[in-house]
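J.: Take this sequence and fold it.
(one chain, ligands or ions: 1)
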Amino acid sequence: MAVKQEELQKKSEGHANVPVTLHGRELVPNQRIPLNLDWVEEVRVNTSAVERRAATIPARRSVKKDWQAAWLLRAIACMDLTTLSGDDSAERVKRLCAKARRPLQDHLVKALGIEELHLTTGAVCVYHAFVETAVKALEGTNIPVAAVSTGFPAGLSPLAERVEEIRRSVEAGASEIDIVITRAHVFNGEWNALYDEVAAFKEACGQAHMKAILGTGDLLTLRNVARASWVAMMAGADFIKTSTGKEAVNATLPVSLVMVRAIRDYAERTGMAVGFKPAGGIKTAKQALDWMATMKDELGRPWLEPTLFRYGASSMLGDIERQLEHHVNGRYSAAYRHPIA
Ligand SMILES: O=C[C@H](O)COP(=O)(O)O
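T.: This next block holds a predicted model:
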C-alpha cells in the first residue's frame, strides 16, 4: 500500500512545546496544595452512567488508515515499556532498553517514512534493582527510566523504608518514580493519612516525576477511585496511574473515565495539569486507540503527549508493530516475530 509518507510524519509529530490548555485556559504543572476535605467529600460518581459511557468507547468508529498509523506511533511515544516480573534479569532489561530506543523494526520505519521522527518509547519502567542497568543501556538518549517504588505492588512495607526506596532509585538515576498508595487509607476514608503519605513520597522524589498508583482494582467503588485521585493530586502527584498490573482487575475504561474526569475538574479548579497513566492488561493496538480517544474527548489534545499521558504496558508494543506492518503491506506478521514487548 502506498503510504503518504510526509503526511504520516506530520500527523505523528507531537505538540511538545505547545502550552497545555483546557477550555482555552493555560495550565501550569501540578504542585502540592493543602488538603481540601470538602472537595473530597463532594465527589459523586454516577456508576451506571460511567459504565454506559465507557461501553460506547470501543464500539465507536475508530480512526483509520494513515490517521490510525499516526495514532499508533503516538501510542508508542506515550508508552512506559515495562518489565516487572519475578524472573527479570539484567539481560532482559538491556533487551527492553534496546527495544525502547528502536521500538519498530528498520523496514517498518523506512516503509512508513518516519526516519526523522526518531521514535522512542516514552520511558522504560523497571524494579529498583535494574535502574542502573537501564540508565546505562539508555545512555545517549532522552528516554527516562521509571522505577516502581514504595514496596510495589502492595505498598505495605514500613513508611520509612518506602521513602528510602524512592531516594535510592533517584540516586541510581531514575527520573520517574511510580509509587503505590496504601489502599486501606482509601476504603477506611483516612484522607489525611493518604495525603501525608503521597506528599512524603513526592518530597523524596525531589526533581523526579512522580506517578501515584491507586491500585483501583482494590478500591471497591468508583467514588473511592475519584476521591483517591483528588487526594493524590492535592498531595502533588505529577501523574495518577490506575494499577500495578498485579491486582485482580487492572486498567479499565470506567475507572479511567473517572480518573480523567477528576483530572479535568481538578484542572478547572486549580489551573494545574496532572497526567494520566492507565496500566495493567493493556495489550492490543485497539485498546491503545480506545484510551487515546478517551483522553482526547475528555481532556483534549495536550493529554496525548508523553508529558501528560503514558500507558504502562509490558506486551502492547508487539501488537502495535503487527498493525503497522499490516498498514504498510496489507499482511499481519506472526506474533513470534515480535518477541520483545
Ligand atoms: O505499570 C505497568 C504494568 O505493570 C504493566 O502491566 P502489564 O504487564 O499487564 O502490561
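J.: How many residues are close by Trp67?
T.: 13 (other CB atoms under 10 Å). Using the backbone N, CA and C atoms, a C-beta is placed for each residue, glycine as well.
J.: likewise Glu91?
T.: So Glu91, with other CB under 10 Å, has 9 neighbours.
J.: One more: Gln105?
T.: If you count neighbours by other CB under 10 Å, Gln105 ends up with 15.
J.: Over in the stretch 101-250 of the chain, which residue gets nearest the ligand? Let me know.
T.: Closest contact between the stretch 101-250 of the chain and the ligand, by CB to the nearest ligand atom, is at Gly245 (2.5 Å).
J.: Next up, the contacts around that residue.
T.: Gly245 makes contacts with 82, 84, 153, 279-281, 312, 314, as judged by CB atoms under 8 Å, 6 or more residues apart in numbering.
J.: show me which of those neighbour the ligand.
T.: Counting by CB under 6 Å from any ligand atom, 82, 84, 279-281, 312, 314 from the contacts of Gly245 sit close to the ligand.
J.: In strands only, show me those residues.
T.: With strands taken from DSSP state E, the overlap with the ones next to the ligand among the contacts of Gly245 comprises 82, 312.
J.: Which two of the ones next to the ligand among the contacts of Gly245 have the greatest separation?
T.: Pairwise distances across those (CB to CB) peak at 13.0 Å, for the pair Leu84 and Gly281.
J.: give me the element the residue of the stretch 101-250 of the chain closest to the ligand is part of.
T.: Counting by DSSP states H and E, no helix or strand carries Gly245.
J.: 15 is where my numbering starts, stick with that
T.: All set: I'll call the first residue 15, so the last point we hit is now Gly259.
J.: And the helices in the protein?
T.: Taking DSSP state H, the helices of the chain run over residues 19-26, 51-56, 61-73, 79-91, 104-115, 120-126, 145-151, 173-185, 197-201, 205-219, 236-248, 267-284, 299-312, 330-343.
J.: now this protein, which segments are flagged as low pLDDT?
T.: 15-18, 30, 75, 351-355 (pLDDT under 70).
J.: The ligand contacts on that one?
T.: Residues of the chain lying near the ligand (CB under 6 Å from any ligand atom): 96, 98, 139, 258-259, 293-295, 326-329.
J.: filter these to the buried ones?
T.: Neighbour counting with 16 or more other CB atoms under 10 Å marks 96, 98, 139, 258-259, 293-295, 326-329 as buried within the residues of the chain next to the ligand.
J.: give me phi/psi at the residue lying closest to Val149 once chain neighbours are set aside?
T.: Once flanking residues are discounted, Val149 sits nearest to Gly187: 3.7 Å by CB to CB, 6 or more residues apart in numbering. Phi and psi for Gly187, reported as degrees, to the nearest 10, are phi 120, psi 0.
J.: So Gly187 is in contact with His142, correct?
T.: No. Taking contacts as CB atoms under 8 Å, Gly187 lies outside contact range of His142: 10.9 Å.
J.: what sits against the residue lying closest to Ala104 once chain neighbours are set aside?
T.: Counting by CB to CB, 6+ apart, Thr147 is the residue found nearest to Ala104 once chain neighbours are left out, at 4.8 Å. When contacts are counted by CB under 8 Å, 6+ apart, Thr147 touches 104, 107-108, 140.
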